[in-house]
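Q: Okay, here's the prediction I keep looking at, along with the sequence it came from:
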Amino acid sequence: MKSIFFILGFFMIVQNGFCQSLDTAMLKGNWQLLRYDAIEKIKQSPSYQNASPQAKEGMDRKITRFLDNTFYHFTDGDSLYYIDLSEGALVQRKAVYTLEDSVLTISESGKRQNKQAKILELQENKLVLTPLVNEEKGKMVFQRVE
């Protein structure tokens, strides 16, 4: 019985240590979106597959523009600046972020609802997260840029 409590205690300490190992200091800097699983799902959808070559070309241009221009800049403290695609236009947005137990919460001024994502991987040059609003969207993979 003592060994069961020891094992449970050990796993709780290890899990708690992992959650605390994510530090906002690791997020600081510029990140560019490289890959987003939702885009692959769009490309595999019947709507995309059955579209005319011209329609596919238009969708591919939008996807490329989205990937080429999606940057997140985490600053000292809790500020986040990012580029968003809104109705075809690139818009720079400002938000405040918090990190708690590997959950990133982004609060944009003027918006009622916060965005949340679970950080799956955070390394010096790689950030992988998944939106918590709709986990079917899959992973978003970012690379640190200068």
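A: Yep, it's here.

Q: can we go C-alpha only for contacts and neighbour counts from here?
A: Noted.

Q: May I see the buried residues of the lengthiest strand in the chain?
A: Using DSSP state E to define each element, the chain has its longest strand at strand 89-100. Going by neighbour count (16 or more other CA atoms under 10 Å), the buried part of strand 89-100 is 94, 95, 96, 97, 98, 99.

Q: Could you list the paired strands of it along with their orientation?
A: Here strand 89-100 is paired, per DSSP bridges, with strand 79-86 (antiparallel), strand 103-108 (antiparallel).

Q: Run through who's touching the longest one.
A: Read that as strand 79-86. Strand 79-86 has contacts (CA atoms under 8 Å, 6 or more residues apart in numbering) with 66, 69-74, 90-97.

Q: got it, and stretch 127-143?
A: Counting by CA under 8 Å, 6+ apart, 31-38, 115-122, 125-126, 144 sit against stretch 127-143.

Q: ok, now with 6 Å
A: Contact partners of stretch 127-143, identified using CA atoms under 6 Å, 6 or more residues apart in numbering, comprise 31-38, 116-121, 125-126.

Q: In strands, which of those appear?
A: Using DSSP E, the subset of the contacts of stretch 127-143 located in strands is 31-36, 116-121, 126.

Q: helix, strand or coil for the most centrally placed residue in the chain?
A: For the chain, residue 129 is the residue whose C-alpha lies nearest the centre (CA atoms, centre = their mean; 4.2 Å). Recorded secondary structure, residue 129: strand (DSSP: H, G, I helix; E, B strand; the rest coil).

Q: so what's it closest to, chain neighbours aside?
A: Leaving out its chain neighbours, the residue that sits closest to residue 129 by CA to CA, 6 or more residues apart in numbering is residue 119, at 4.3 Å.

Q: tally of neighbours for that neighbour?
A: Residues contacting residue 119 under the criterion other CA atoms under 10 Å number 19.

Q: so how far is residue 138 from it?
A: Distance of residue 119 to residue 138, given as CA to CA, to the nearest Å: 12 Å.

Q: now for the buried residues of strand 89-100, which pair is the farthest apart?
A: Spatial extent of the buried residues of strand 89-100 (CA to CA) is set by the pair 94 and 99 at 16.6 Å.

Q: rewinding a little: specify the stretch among the strands paired with strand 89-100 that is closest to residue 43.
A: Per CA to CA, nearest to residue 43 of these: strand 79-86, 18.7 Å.
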